[in-house]
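1. below: sequence and its predicted model.
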Amino acid sequence: MLLFGFDASRPCWRLLCAALIFVLPVSLGLWELHTNYLNTLSKQSESAASRALTLMELMLDHAEENNRNMFPLLNHPCETALFTMRRRVVLAPFVRTSNLIADNGVYCNSLLGKVNWLDDNVGYSDGLLRLLPGNFVLPRHPVLAVRSSAGHGAVLSTIDREYIKLMLTLSAPAKGEVLLNVGNSWLNHQGELMVRDPKLPTLATHDLKSSRYPLSIYAGMDLPSVWRALWQVRHLTIMLLLGFSLSIALLVWWLLGRPGSMEGELKRALRAKEFLPYLQPLVSSGDGRVVGAEVLMRWQHPTTGLIRPDLFIPQAEECGIIVPMTRSLMQTVAEQLSQWQQLLPAGFHIGFNISAVHCRDLSLLAECRAFLDHFAPGGITLVLELTERELLVADSHTLGLFKGLDEMGVKLAIDDFGTGHSSLRYLQQFHVDYLKIDQSFIGRIGTESLSEHIVDNVIDLGTRLGLTLVAEGVETRVQADYLRGKGVDYLQGYLFGRPAPLPQFCEGLLSRHRAA
Ligand code: C2E
Ligand code: CA
Ligand code: CA
């Protein structure tokens, strides 16, 4: 099948077209599903972040309230403040420990009592919040420190990561993740603390800042999770999309592989080297020696079998594919026949049927040169047979081509002579060497006086023009004797041999050679 000038039936094009037909709708469909689903997921992330933020602010409200409640204890000795401190910590939701801080550092801890720690007050966002990797009691157990200042002192409470983990997990959407961000630190729902360079999800993200505390909640998903989620909710649609695209692709593959047009089928056959040369002998009328052969094309079709040329040559001529077909036939004959070179008498005629369309192509010169190059100089006489039914235009192009052929020693024959309308001028213009008298006249020799009369006239004309005469379609002795008597130089027909595959023709030549 020809699509926009290229042969889409070639396996590589078929595969490419089918693959495109599969990939395009699949990618467009998946992209559409993916984008739509991302919108849904973005909304889920948004509500997850806002849920987490509300809970986080609630926790901090409790922690801040606890801190404020402890302000009156500041500047009191730890021994006197400790009991009240512990009571408040126990009552305050989410708070694990509280510390009293004076000018000279942390001096009272709700769990340990009197302490003397350095007050590391840097790194707090807005002086209020800081995610710490752990504390004195549990060094690898992150906590969120909430610091409230009052005059020269401060109260610092810590919220355990377990509460934050639980809050983040409960808020997160099905396949998504929610993280708490304070300053440069991030805490995920597994309770892992990441500083500076966190691995954040990149799809369907939502970053929600608190208006009351220096923190934000980040929610989102990574690609594998998005696809897992998408597959879970849309697996039927995805399967239908894949199935539909695959069916269309298979249909396209099948359609392109069908013997669509005759042209496509001829191209396929040419690629598959299904056109074979059959050779029919040309004998000298004088002594009956085989002096040459005409190459006749046959189509060895994989299902139909051997096809006669008149069933496909006209279509091949119509679409121009006859040119590469003849080129390929000439190559095959050259390759196979050159192996039998020693057997061939010097100047052995090899005639190819050339369509008029081929004469508009200068490549014919190169093809004849390539053909002759396979043989020793003078070993082969190459004859191009041009049927009289397709008249050539004697323009500068054709004349130039024939001049080139003549210089190369290639002979011209007018085929089916007597059936067309070639004038004397025409014969002279093209420097014709042979006239092949059409078999329709030969067939009537001995039966109709009119045909004999025409044959006589053709022979007479050819002789006067100095052309070599060939009679085709000679089937009987009577015909052969008649033609010989009239001085026809060469004879061709079933009487001397039917067209046969090239190797078989050469073997026939070999046995004649041995018999002689
Ligand atoms: P053509 O060039 O006139 O070839 C002679 C035809 O007569 C051949 O038919 C041949 O098999 C047949 N023939 C030979 N001797 C006899 C005989 O004694 N009696 C009868 N009844 N027929 C005989 P074929 O091979 O079927 O070819 C038919 C035509 O197809 C050819 O006529 C030629 O015009 C065309 N053709 C064949 N091969 C090619 C080719 O390679 N290129 C082109 N352009 N045309 C070709
Ligand atoms: Ca012919
Ligand atoms: Ca003919």
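-> Structure's in. What do you need? Remember, predicted model here, so these are calculated numbers, not experimental data. Residues are numbered from 1 along each chain as shown. Ligands and ions are numbered 1, 2, ... in the order given.

2. show me the contacts for the nearest residue to residue 111 once chain neighbours are set aside.
-> Once flanking residues are discounted, residue 111 sits nearest to residue 97: 5.2 Å by Cβ to Cβ, 6 or more residues apart in numbering. C-beta coordinates here come from the backbone N, C-alpha and C atoms, glycine included. Going by Cβ atoms under 8 Å, 6 or more residues apart in numbering, residue 97 touches 89, 109-111, 135, 137, 157-158.

3. now, these that are in strands?
-> Under the assignment DSSP state E, these contribute 109, 157-158 to strands.

4. closest one to ligand 2 out of those, please.
-> residue 158 (105.3 Å; Cβ to the ion).

5. isn't that closest one right up against residue 135?
-> Yes. Judged on Cβ atoms under 8 Å, residue 158 makes contact with residue 135 at a distance of 6.4 Å.

6. so which of the two has more stuff around it?
-> Ranked by neighbour count (other Cβ atoms under 10 Å), residue 158 and residue 135 place residue 158 first, with 25 against 18.

7. now the stretch 101-250 of the chain against ligand 2: closest residue?
-> residue 250 (45.2 Å).

8. ok, now how distant is the closest residue to that residue other than its chain neighbours from ligand 3?
-> Nearest non-adjacent residue to residue 250, counting by Cβ to Cβ, 6+ apart: residue 18, 7.2 Å away. Distance from residue 18 to ligand 3, counting by Cβ to the ion, to the nearest Å: 45 Å.

9. that older thread, the helix or strand that contains the residue of the stretch 101-250 of the chain closest to ligand 2: how far from the chain's middle?
-> Using DSSP states H and E, residue 250 sits in helix 223-257. Centre-to-centre, helix 223-257 and its host chain are 19 Å apart (Cα atoms, centre = their mean, to the nearest Å).

10. what segments of the stretch 101-250 of the chain are helices?
-> 161-171, 223-257 (DSSP state H, counting those that start in this stretch).

11. want to throw the ones you listed into CSV with mean neighbour count, distance to residue 76 and mean pLDDT?
-> What follows is the helices of the stretch 101-250 of the chain, written out as CSV (neighbours: other Cβ atoms under 10 Å; distance: least, Cβ to Cβ, whole Å; pLDDT from 0 to 100):
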stretch, mean neighbour count, distance to residue 76, mean pLDDT
helix 161-171, 19, 29, 93
helix 223-257, 15, 52, 91
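
12. how about those in a markdown table, adding distance to residue 505?
-> Shown next, in a markdown table, are those (distance: least, Cβ to Cβ, whole Å):
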| stretch | distance to residue 505 |
| --- | --- |
| helix 161-171 | 88 |
| helix 223-257 | 35 |
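
13. what's the closest of the ones you listed to ligand 1?
-> helix 223-257 (27.3 Å; Cβ to the nearest ligand atom).

14. how about residue 390, what does it touch?
-> Contacts of residue 390 by Cβ under 8 Å, 6+ apart are 355-356.

15. could I get the phi/psi values of it?
-> Phi and psi for residue 390, reported as degrees, to the nearest 10, are phi -110, psi 100.

16. hang on, the earlier thing: on the three-state scheme, the residue nearest to residue 111 is what?
-> strand (DSSP: H, G, I helix; E, B strand; the rest coil).

17. what distance do you get for it to residue 136?
-> When Cβ to Cβ, to the nearest Å is the yardstick, residue 97 and residue 136 sit 9 Å from each other.

18. find residues that contact each of those two.
-> Shared contacts of residue 97 and residue 136, defined by Cβ under 8 Å, 6+ apart, are found at residue 109.

19. which parts of the stretch 51-200 of the chain are strands?
-> For the stretch 51-200 of the chain, applying DSSP state E, counting those that start in this stretch gives strands covering 95-102, 105-109, 113-117, 129-132, 143-150, 153-160, 177-182, 185-187, 193-195.

20. in TSV, list those along with distance to residue 29.
-> Shown next, in TSV, are the strands of the stretch 51-200 of the chain (distance: least, Cβ to Cβ, whole Å):
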stretch	distance to residue 29
strand 95-102	52
strand 105-109	61
strand 113-117	62
strand 129-132	44
strand 143-150	45
strand 153-160	47
strand 177-182	28
strand 185-187	36
strand 193-195	37
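
21. looking at the stretch 101-250 of the chain, what residue ends up closest to ligand 3?
-> residue 250 (47.1 Å).

22. the strand ranked longest in the chain: how far from the chain's middle?
-> Longest strand in the chain by number of residues (criterion: DSSP E): strand 290-301. Its chain's average C-alpha position is 39 Å from that of strand 290-301, according to Cα atoms, centre = their mean.

23. do it and ligand 1 meet at all?
-> Yes. Counting by Cβ under 6 Å from any ligand atom, ligand 1 has neighbours in strand 290-301: 296-297.

24. that strand: which residues count as buried?
-> Neighbour counts using 16 or more other Cβ atoms under 10 Å place 290-299 of strand 290-301 among the buried residues.

25. same question for stretch 16-24.
-> 17-18, 21-22.

26. need the max-distance pair from the buried residues of strand 290-301.
-> 291 and 299 (28.0 Å; Cβ to Cβ).

27. elements contacting the helix holding residue 250?
-> For helix 223-257, the elements it packs on are helix 11-70, strand 203-209, judged by 3 or more Cβ pairs under 8 Å, 6 or more residues apart in numbering; DSSP states H and E.

28. now the helices for the stretch 251-400 of the chain?
-> Under DSSP H, counting those that start in this stretch, the stretch 251-400 of the chain gives helices at 262-271, 313-319, 322-337, 363-373, 396-408.

29. which among those helices is found nearest to ligand 3?
-> Distance to ligand 3, taken as Cβ to the ion, is lowest for helix 313-319 among the helices of the stretch 251-400 of the chain, at 12.2 Å.

30. which bits of the stretch 251-400 of the chain sit near ligand 1?
-> So far as Cβ under 6 Å from any ligand atom goes, the stretch 251-400 of the chain lies against ligand 1 at 280, 296-297, 308-310, 313, 322, 326, 329, 353, 355, 385, 387.

31. hmm, which two among those residues are most spread apart?
-> Checking those with Cβ to Cβ, the most distant pair is 280 and 322, at 19.6 Å.

32. which bits of the stretch 401-516 of the chain sit near ligand 2?
-> Proximity of the stretch 401-516 of the chain to ligand 2 (Cβ under 5 Å from the ion) is limited to residues residue 415.

33. where does the stretch 401-516 of the chain dip in pLDDT?
-> 421-425, 448-451, 516 (pLDDT under 70).

34. what ranges do the helices span in it?
-> 424-429, 439-442, 449-464, 477-485, 502-515.

35. what residues sit buried inside the fourth one?
-> Buried positions in helix 477-485, judged by neighbour count with 16+ other Cβ under 10 Å: 479-480, 482-484.

36. got it, and the last one?
-> For helix 502-515, the neighbour count (16+ other Cβ under 10 Å) marks 502, 505-506, 509 as buried.

37. same question, the shortest one
-> Going by neighbour count (16+ other Cβ under 10 Å), the buried part of helix 439-442 is 439, 441-442.

38. from these, which is closest to ligand 2?
-> For the buried residues of helix 439-442, the nearest to ligand 2 is residue 439 (9.9 Å; Cβ to the ion).

39. tell me how far the nearest residue in space to the closest one that is not next to it in sequence lies from residue 480.
-> Excluding its sequence neighbours, the residue lying closest to residue 439 (Cβ to Cβ, 6+ apart) is residue 473, at 2.3 Å. Applying Cβ to Cβ, the value for residue 473 to residue 480 is 11 Å.

40. residue 211 too?
-> Taking Cβ to Cβ, one finds residue 211 at 115 Å from residue 480.

41. and residue 443, by the same measure?
-> To residue 480, residue 443 is 13 Å away according to Cβ to Cβ.

42. again with residue 86
-> 134 Å.

43. now the phi/psi pair for the nearest residue to residue 272 once chain neighbours are set aside, please.
-> Distance criterion Cβ to Cβ, 6+ apart; nearest residue to residue 272, sequence neighbours excluded, is residue 302 at 7.7 Å. Torsion angles at residue 302 (phi, psi; degrees, to the nearest 10) stand at phi -60, psi -30.
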